[in-house]
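1. Take a look and give me a structure for this.
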Amino acid sequence: MSHANPLLNFVDLPLFDSIEPAHIAPALDELLPAADAALEQVTAVDFPAEWSRMASVLDVATERLSRAWGAISHLHSVADTPELRAAYAEALPRVTEFWTRLGADERLYAKYKTMDVNSLNAEQKHAHSLAMRNFVLSGAELTGSAKERFAAIQERQAELSQKFSENVLDATDQWSAIVAAEELAGVPDDVLQTTRAAAKKDGVAGHKLNLKMPCYLPIMQFAHSSSLREKLYRAYATRASDQSEAVQADKPEQDNTKYIQEILALRQEEAELLGYANYAEVSLAAKMAQSPAEVMAFLRDLAKRARPYAEQDVTEMRAFAAEHLNLQDPQPWDWPYIGEKLKEARYAFSEQEVKPYFTAPKVLAGLFKIVETLFEVSIRRDSAPAWHPAVEFYRIERAGQLVGQFYLDPGARAGKRGGAWMDDVRARWLRPDTGALQTPVAHLVCNFAEGVNGKPPLLTHDDVITLFHECGHGLHHMLTQVNERDVSGISGVEWDAVELPSQFMENFCWEWSVLRHMTAHVDTGEPLPRELFDKMLAAKNFQSGLQTLRQIEFSLVDMRLHTEGEKAQDFMQVLRDVRAEVAVLQAPTWGRTLHTFSHIFAGGYAAGYYSYKWAEVLSADAYAAFEETAAADGTPSIDTGRRYRETILEVGGSRPAMESFKAFRGREPQLDALLRHQGMSAAH
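-> Next up, the predicted model:
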């Protein structure tokens, strides 16, 4: 029977087009006992404590489980249905229980302790040291009731994170409003077409608005009606909270307040069980940053440097709003609109003016061209079973050899969670069971607006940056030359360094030599005019002070929620305190941003949100090496590209990130390049 279950087929790529919710439980009925049996086998007294012997039994079994569960989780993120959600929720505790137990198995920990480290190669040695650290963080040194409690905490946390994200998805999906055309004055044409089509589909006149980014953002930026902006802002800023209309009316279970409190309490308890003062210390044990104090000092230092620029931003917006928009007392929902109008006035340029030049196919071709040139590979179309007709599949080759493959799922649609991400399907691995080299496969997922009237989708420049960002993660995963699965690609890379390759790629979206190859006007085919590019570049650091403070606000709230124990239960007070310290624009008292802060409550960034800023320092400094070696016309140096590929991308997680950075740059990272790139340096 088992061979008919697509989740149990590991011959090559996942059979995404034939996986049904009904396959999940039977697949786990087979994979979990097999993984358990493998664990029993390698922890038996007479089984040799040898790396490759253990890997060929245990890693082979657990890799199958994680590949099958990876396919299930992926579908749950990009093609959710009530049936899939139910099957996923039912399976989650079983899977969590196994990984928790595996990570804390003292017999397995004992085998690793007795392993002869000198018999291992360099990659295996690093993987071994990470494994030893992870055992401790997974509770392997705990015994008795402490160990049981630790396992119960892991399971409950997985359940709460799941609930948290379901509430965010549902609260976002269920909200809609029908408005008349005249209320939408100022809103871009493509948004009007999409919202009109949505209303028509429901058999009503007017325009149907929703809270997904392709609709929400342009309305906040462009709709002339302040009351319409307020309506959307209020709905968006109160999602999944006690302040939301849905929760107050008939969906009290959609309020994430109690989930946030329980998640924070459980994390604090977990930290104490492991012998740490707080969860932030646990989180940083596996990161480049040494302590919560170091992170907070870094954030406050950056806030101090950014603050004068942010204050200047607000002063300019206030003056402009009073003089040109007749807004004497701007409200929170007015700022995006004021910002957009000021940007248009100052740079005579609007996001909307640029959009027709960025058609999805042309942008992809441009992205592939820079990747092929810089990293000496070729990217070709490939085929694989997929979960939706819009999904594309590609292969990366070097000198005719397959290096890796990836799925690209670009469009926003119902049942797909918002945002953009890279995920691995499988990792590069010199398989201990067959001796064959398994090549890496990745998912690149975005949420772009669909094309209208048979034309290709149009991307904003921000969308283009997002695509380059996720591609950077993908390259880190796919170009690796490491053969040891646990440290190949992004595995084993410190969390606050993992954004280096992704943010690094974003820089190319601001290079004329790159950009001009990836634009063609949707109607005329004309490339982006140089004059328009120069305006974009001039506008690039528009309000970078404000944006930096916003990131710091989120990062500081995150660190404080995970260092202040009992005090963090009043998380709204923590948020207010941080805002009083760093924000220059105050949010409304009824705003509930933390209730949808999935990064830290459902996405692995707990006490790690600062990583974005931390890694920006690394990526800006790494990119400066390309600026220093570029040709006169701005063309990046292939030699620098090769050095970057060899010292950072190819080594993956097989050595500490700081060593890789120093191998590339010849020194430790410095803050200067970041401040310069964002227009916040004195030299400017």
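2. contacts, neighbours, all on C-alpha from now
-> Will do.
3. Give me the pLDDT for the residue most central in space within the chain.
-> Centre of the chain computed as the mean C-alpha position; nearest residue by Cα atoms, centre = their mean is residue 421, 4.5 Å away. For residue 421, the pLDDT comes out at 95.
4. So residue 404, which state does it fall into?
-> Look at residue 404: counting by DSSP: H, G, I helix; E, B strand; the rest coil, its state is strand.
5. okay, now it: neighbour count?
-> 25 (other Cα atoms under 10 Å).
6. and it, bridged to which residues?
-> Residues in a beta bridge with residue 404, per DSSP bridges, are residue 396.
7. what's the distance between it and residue 429?
-> 12 Å (Cα to Cα, to the nearest Å).
8. what's the answer for residue 144, then?
-> 36 Å.
9. Between those two, point out the one with more neighbours.
-> The residue with more neighbours, out of residue 144 and residue 429, is residue 429; 21 against 7, by other Cα under 10 Å.
10. contacting residues for the more buried one?
-> When contacts are counted by Cα atoms under 8 Å, 6 or more residues apart in numbering, residue 429 touches 437, 438, 439, 440, 482, 483, 484, 485, 488.
11. Helix or strand next in line after the helix or strand containing residue 620, which one?
-> Using DSSP states H and E, residue 620 maps to helix 611-629. For helix 611-629, the following helix or strand on the C-terminal side (DSSP H and E) is helix 638-644.
12. and the next element down the chain from that next one?
-> Criterion used, DSSP H and E; the element after helix 638-644 is helix 657-665.
13. gap between that following helix and the chain center?
-> On the basis of Cα atoms, centre = their mean, to the nearest Å, helix 657-665 sits 23 Å off its chain's mean C-alpha point.
14. All further residue positions should be reported with the first residue as 49.
-> Renumbered: residue one is now 49, and that last one reads helix 705-713.
15. And that helix, what's buried?
-> 705, 706, 708, 709, 711, 712, 713 (16 or more other Cα atoms under 10 Å).
16. which secondary structure elements does the helix or strand following that helix contact?
-> Remark: after helix 705-713, the chain's next helix or strand is helix 720-725, criterion DSSP H and E. Applying 3 or more Cα pairs under 8 Å, 6 or more residues apart in numbering; DSSP states H and E, one finds that helix 720-725 contacts helix 659-677.
17. residues of the helix it packs on that come out buried?
-> 659-674.
18. and which of those residues is nearest residue 177?
-> When those are compared for distance to residue 177 (Cα to Cα), residue 659 wins out at 22.5 Å.
19. Show me the strands in the stretch 199-348 of the chain, by range?
-> Taking DSSP state E, counting those that start in this stretch as the test, the strands found in the stretch 199-348 of the chain are 225-227, 255-257.
20. which of the ones you listed sits most buried?
-> strand 255-257 (a mean of 23; mean count of other Cα atoms under 10 Å).
21. Of the contacts of residue 477, which is the nearest to residue 503?
-> residue 488 (33.3 Å).
22. how about the closest one, what does it touch?
-> Taking Cα under 8 Å, 6+ apart as the test, what residue 488 contacts is 451, 452, 453, 472, 473, 474, 475, 476, 477, 525, 526.
23. same deal with residue 145?
-> Residue 145 touches 199, 202, 203, counting by Cα under 8 Å, 6+ apart.
24. Adding pLDDT, neighbour count and distance to residue 313, write these out as CSV.
-> Below are the contacts of residue 145 laid out as CSV (pLDDT from 0 to 100; neighbours: other Cα atoms under 10 Å; distance: Cα to Cα, whole Å):
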residue, pLDDT, neighbour count, distance to residue 313
199, 93, 23, 15
202, 93, 21, 12
203, 92, 20, 14
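25. can you put the residues you listed in JSON lines and add distance to residue 306?
-> Shown next, in JSON lines, are these (distance: Cα to Cα, whole Å):
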{"residue": "199", "distance to residue 306": "21"}
{"residue": "202", "distance to residue 306": "17"}
{"residue": "203", "distance to residue 306": "17"}
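26. now, which of the residues you listed lie within helices?
-> 199, 202, 203 (DSSP state H).
27. Kindly state which of the strands of the stretch 199-348 of the chain is positioned closest to residue 92.
-> Proximity to residue 92 (Cα to Cα) singles out strand 255-257 among these, at 60.3 Å.
28. partners of that closest one, with directions?
-> strand 225-227 (antiparallel).
29. what residue ranges in the protein score low on pLDDT?
-> For the chain, residues meeting the criterion pLDDT under 70 lie at 49-51, 730-732.
30. domain parsing for it?
-> Taking automatic domain parsing as the reference, the chain has its domains at 50-218, 223-302, 404-588.
31. which of these sits most buried?
-> The most buried one of the domains of the chain (mean count of other Cα under 10 Å) is domain 404-588, showing a mean of 20.
32. So what would you say the end-to-end distance of it is?
-> 19 Å.
33. before we move on, what about stretch 455-471?
-> One end of stretch 455-471 to the other measures 10 Å (Cα to Cα).
34. now stretch 548-562
-> Termini of stretch 548-562 sit 20 Å apart (Cα to Cα).
35. out of all of them, which helix in this structure is the longest?
-> Max-length helix for the chain by DSSP H is helix 340-372.
36. for it, the distance to its chain's centre please.
-> With Cα atoms, centre = their mean, you get 25 Å for helix 340-372.
37. Could you name the helices and strands sitting against the helix holding residue 668?
-> For helix 659-677, the packing partners by 3+ Cα pairs under 8 Å, 6+ apart are helix 548-554, helix 686-692, helix 705-713, helix 720-725.
38. so can I have CSV of those showing distance to residue 108?
-> As requested, the helices and strands packed on helix 659-677 are exported to CSV (distance: least, Cα to Cα, whole Å):
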stretch, distance to residue 108
helix 548-554, 29
helix 686-692, 32
helix 705-713, 27
helix 720-725, 42
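39. Which of those sits closest to residue 286?
-> helix 548-554 (30.0 Å).
40. Next secondary structure element downstream of that closest one?
-> helix 560-563.
41. could I get the strands of the stretch 199-348 of the chain as TSV with distance to residue 397?
-> Formatted as TSV, those follow (distance: least, Cα to Cα, whole Å):
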stretch	distance to residue 397
strand 225-227	28
strand 255-257	26
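42. list the buried ones in the helix or strand where residue 622 lies?
-> Applying DSSP H and E as the criterion places residue 622 in helix 619-630. Going by neighbour count (16+ other Cα under 10 Å), the buried part of helix 619-630 is 619, 620, 622, 623, 626, 627, 630.
43. Next, give phi and psi for residue 703.
-> Main-chain torsions, residue 703, degrees, to the nearest 10: phi -150, psi 160.
44. Would you agree it is in contact with residue 176?
-> No - the pair residue 703 / residue 176 is not scored as a contact, 11.6 Å apart, by Cα atoms under 8 Å.
45. now the helices for the stretch 349-498 of the chain?
-> Assigned by DSSP state H, counting those that start in this stretch, the stretch 349-498 of the chain shows helices spanning 383-395, 399-402, 408-423.
46. picking up where we left off before, same list, the buried residues of helix 619-630, but as TSV with distance to residue 517 please.
-> TSV is the format used below for the buried residues of helix 619-630 (distance: Cα to Cα, whole Å):
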residue	distance to residue 517
619	31
620	32
622	31
623	29
626	29
627	28
630	27
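47. Out of the residues you listed, flag the one nearest to residue 550.
-> Comparing the buried residues of helix 619-630 against residue 550 with Cα to Cα places residue 630 closest, at 26.9 Å.
48. I'd say that closest one and residue 353 touch.
-> No - using Cα under 8 Å, residue 630 makes no contact with residue 353, being 11.4 Å away.
49. what does stretch 668-679 contact?
-> Here stretch 668-679 makes contact (Cα under 8 Å, 6+ apart) with 552, 555, 684-685, 688-689, 709, 712-713, 717-722, 725.
50. now stretch 335-348
-> Contact with stretch 335-348 is made by 328-329, 332, 542-545, 600, 603-604, 607, 611, 658, 705-706, as judged by Cα under 8 Å, 6+ apart.
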